[in-house]
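1. just need the structure, nothing else, for what follows:
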Amino acid sequence: MHRLRRLPNPLALLVAAGATLAGCTAYLGTTPDDGPVSSGGGGPIAGVGGGVSGTGASPGVASGGGQGEPPECLGADTVSNKRLVRLSFNQVANSIGTLVDSVLGTKIVDDFELVDAQHRAFPPLQSPREGNSFTDQSWSSVDQIAQAAGSYAVDHLGDLTQCGAQPTDDCVLNYLTDLAEKAYRRPLGTEELNRFTTLYTDAFKGAGASTTEALQYGVYAIFQAPQFLYRTEFGLDAHSAGPLTGLELASMLSYFLTDDTPDELLMEGAAQGQLATDEQVSAQVTRILGTAAAKKNLEGAMISYFAYPNLESQIIQDDAFTGDMRRSMYREAELFLQRALWSDSLDSLLTSSKGYMDATLAPIYGVTTFPPPGATPFIEAFYEVDLPQKRTGLLTQAGFLANRSRPDHTSVVGRGLLIKNAFLCTETPLPDEGIVGIIEQLLADKPDATEREMAEIRASASSCSSCHESFDPYGLALDTYDVLGRYREVDDKGRPIDSSVTLPKVIGGGDASDIVEVAQKLAASGAFGKCMGQNLVNYALADVSAGAASIDSCAVKRVADAFKATDQTFPSLIKTVATSAAFSERLQGDAL
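-> The predicted model follows:
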């Protein structure tokens, strides 16, 4: 790596790079992305739980209760204030890879611990390593990433800049200004271009830098600039409620769909005012969803949402739970989502009768001859199979079930909460010590109780029943699957398992004989589609705040209602979210 050489008056150089090229942080609090940069003063959001569930209603949004609909939706269907949104570390790496070289993007992922493309957060800033803004520690990492980009530009000068082995200052400066426009996701204003030129000629060259070093400093300054590391959601007037600008909408669409900077066609469309209608936005969404980048990003997001990365650290005391088994469970989920998300209805995540297995997974699914008769070779060592009648969608996949098992026992509560949170987006408060004590005392009187008997004991305590009745039925219906997801009809002690349950009212109530009927009623209720609408709104907003779209907000209701009028596929839900007011409208920001 080429280290930044100490030049005469280095403090002045850094001030120039940070304030002149990057612009003041205050600019980012007063001017939308479409506008030219102007100087100013002042100062400038894991795991499965249904993503983020906000608890408070946003201004202009009437709040309902639980899973019920709000009595009336007042004002705009908007949940987010005008704000700055920082890029996640993966988005930083992806963007630099797209703007400079994909090899550099891969190198950043490999070299920097905070960039973790394999363990996605849902939403993108949900991980503890992210956060709403850069801390001292994370800023140091971003600064090092920017330095790495500068060094890479020097090492690959000819290929990147097209300026030849002996570049002229004019050629390098043209490369840098073009790179800055792409990195900042907007045109540079005349005043900003003049300051950029002054920075290059006075702060870099005037301090003794060679043309090659000036290139290095320029690339470094661009990628540590606030305009690159943050995107704005201010619209034309940062102090008034209203829509995002076209360029802001383009950035939001791109990071939502691809986790990467906008491509040329999207930027051209925004610049030409072609993101002004739902039809125009939908057309861009359709185009982008056809790319490998969008599919990879959204499939990875859903893998993260359903907590499959947790399999790496899950502990299960079963000799079959080897490293190969973990990898096969994870790969099964990837293959299933790749097909279900793009080829079937959204409800197929619950009700699909198709599955994927390799020789490692076959014994878990009771397959003694592999490949099973009638199986279709799919990819690698996996076959597409018709699932047995007792299997359905994600709910009975081995990895999904293993993720919420105890080390030596199934967990009715853990699995029930997983379904309630991931498919219904309803939160369950942690029990206080008093309630825990009540449950422990009741169970102590019957230490050898079956899982159903324990559920009945919990339901008998008035202080516990209301919560447990909302998720225990799902866990009981799944108790016919052991810690690794093998189907069974008796528990670990040889006692028959009864999988019939009375369902919560949120999915229509009534009785179900097993998890297959539970999945069918859950799909028919529309609750899953509404839940995924909420989660995709919050994923698109990258919102980890208390004001995120809640399941009973008007914004989510509008998305759910609009989704019902479509073919109810995953791409249609993406389009519904992307054309919603929650996506493109912002409330007035108090801090601006």
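2. Ala146 in helix, strand or coil?
-> Secondary structure assignment for Ala146 (DSSP: H, G, I helix; E, B strand; the rest coil): helix.
3. hang on, isn't it packed against Gly218?
-> No - in this structure Ala146 lies outside contact range of Gly218 using CB atoms under 8 Å: 10.8 Å. Every C-beta, even on glycine, is put in place using the N, C-alpha and C of the backbone.
4. more neighbours: the two, which one.
-> A side-by-side neighbour count of Ala146 and Gly218, using other CB atoms under 10 Å, places Gly218 first with 27 against 21.
5. spatially nearest residue to the more buried one, not counting backbone neighbours?
-> Leu176 (4.2 Å; CB to CB, 6 or more residues apart in numbering).
6. next up, the contacts around the one you found.
-> The contact partners of Leu176, by CB atoms under 8 Å, 6 or more residues apart in numbering, come to Phe196, Tyr200, Leu215, Gly218, Val219, Ile222.
7. closest one to Glu469 out of those, please.
-> For the contacts of Leu176, the closest approach to Glu469 (CB to CB) belongs to Ile222, at 56.1 Å.
8. list the buried residues in the helix or strand that the closest one is a member of.
-> With elements delineated by DSSP states H and E, Ile222 resides in helix 211-223, which encompasses its position. By neighbour count, with 16 or more other CB atoms under 10 Å as the criterion, the buried positions of helix 211-223 are Thr211, Glu213, Ala214, Leu215, Gln216, Tyr217, Gly218, Val219, Tyr220, Ala221, Ile222, Phe223.
9. so the first one touches Asp170, yeah?
-> Meaning Thr211. No - under the criterion of CB under 8 Å, Thr211 is not in contact with Asp170, lying 9.9 Å apart.
10. find the residues that touch each one of these two.
-> Shared contacts of Thr211 and Asp170, defined by CB under 8 Å, 6+ apart, are absent.
11. need the three-state assignment for the closest residue to Arg129 other than its chain neighbours.
-> The shortest distance from Arg129 to any residue that is not its chain neighbour, by CB to CB, 6+ apart, is 5.4 Å, and that residue is Leu114. The three-state label for Leu114, taken from three-state DSSP, comes out as coil.
12. same deal with Gly533?
-> When classified by three-state DSSP, Gly533 comes out as helix.
13. check the gap between Ile108 and Ala183 for me.
-> Ile108 sits 14 Å away from Ala183, taking CB to CB, to the nearest Å as the criterion.
14. now Tyr255
-> Where Ala183 is concerned, Tyr255 sits at a distance of 14 Å (CB to CB).
15. where do the contact lists of the two overlap?
-> By CB under 8 Å, 6+ apart, Tyr255 and Ala183 have these common neighbours: Thr261.
16. who touches Trp342 in this structure?
-> Contact analysis of Trp342 by CB under 8 Å, 6+ apart lists Lys295, Phe570, Pro571.
17. narrow those to those in helices?
-> Among the contacts of Trp342, the members found in helices (DSSP state H) are Lys295, Phe570, Pro571.
18. possible to save those residues as JSON lines with neighbour count, pLDDT and distance to Phe370?
-> As requested, those are arranged in JSON lines below (neighbours: other CB atoms under 10 Å; pLDDT from 0 to 100; distance: CB to CB, whole Å):
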{"residue": "Lys295", "neighbour count": "18", "pLDDT": "97", "distance to Phe370": "29"}
{"residue": "Phe570", "neighbour count": "22", "pLDDT": "98", "distance to Phe370": "30"}
{"residue": "Pro571", "neighbour count": "18", "pLDDT": "98", "distance to Phe370": "34"}
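19. tell me which helix or strand comes right after the lowest-mean-pLDDT helix or strand in the chain.
-> Considering only helices and strands, the least confidently modelled element of the chain by mean pLDDT, DSSP states H and E is helix 10-15, at a mean of 37. The first helix or strand that comes after helix 10-15 along the chain, using DSSP H and E, is strand 83-86.
20. who does that next one pair up with?
-> Applying DSSP bridges, strand 83-86 is found paired with strand 230-233 (antiparallel).
21. contacts only, for Leu160.
-> Taking CB under 8 Å, 6+ apart as the criterion, Leu160 is in contact with Val100, Asp101, Ala153, Tyr175.
22. check which helix or strand covers it.
-> The secondary structure element spanning Leu160 is helix 157-161 (assigned by DSSP H and E).
23. for that helix, buried residues please.
-> Neighbour counts over helix 157-161 (16+ other CB under 10 Å) mark Leu157, Leu160, Thr161 as buried.
24. ok, stretch 519-535 next?
-> Taking 16+ other CB under 10 Å as the basis for neighbour counts, the residues of stretch 519-535 that come out buried are 519, 521-523, 525-535.
25. let me know the closest of these to Gly494.
-> Here the nearest of the buried residues of stretch 519-535 to Gly494, counting by CB to CB, is Ala519; it sits at 27.6 Å.
26. pLDDT below threshold where in the stretch 201-350 of the chain?
-> Low-confidence regions of the stretch 201-350 of the chain, defined by pLDDT under 70, are absent; no residue qualifies.
27. show me the contacts for the residue lying closest to Ile574 once chain neighbours are set aside.
-> If you skip the residues right next to it in sequence, Ile574 has Val285 as its closest partner in space, 6.2 Å away by CB to CB, 6+ apart. Contact criterion CB under 8 Å, 6+ apart gives Leu253, Leu257, Pro571, Ile574, Lys575, Ala578 as the residues in contact with Val285.
28. among those residues, which two are most distant?
-> Largest separation among the contacts of Val285 by CB to CB: Leu253 and Pro571, giving 13.9 Å.
29. thought Ser584 was touching Gly242?
-> No - contact criterion CB under 8 Å: Ser584 and Gly242 do not qualify, at 9.8 Å.
30. in the stretch 201-350 of the chain, which spans are helices?
-> When assigned using DSSP state H, counting those that start in this stretch, the helices of the stretch 201-350 of the chain occupy the ranges 211-223, 226-229, 246-257, 264-271, 278-289, 292-305, 323-343, 348-351.
31. which other helices and strands does the second one contact?
-> This means helix 226-229. Here helix 226-229 touches helix 169-184, going by 3 or more CB pairs under 8 Å, 6 or more residues apart in numbering; DSSP states H and E.
32. got the buried residues for stretch 502-513?
-> Of the residues in stretch 502-513, those buried under the neighbour-count criterion (16+ other CB under 10 Å) are Leu503, Pro504, Val506, Ile507, Ala512.
33. which one of the residues you listed is nearest to Thr322?
-> Distances from Thr322 to those, taken by CB to CB, are shortest for Ala512, at 34.0 Å.
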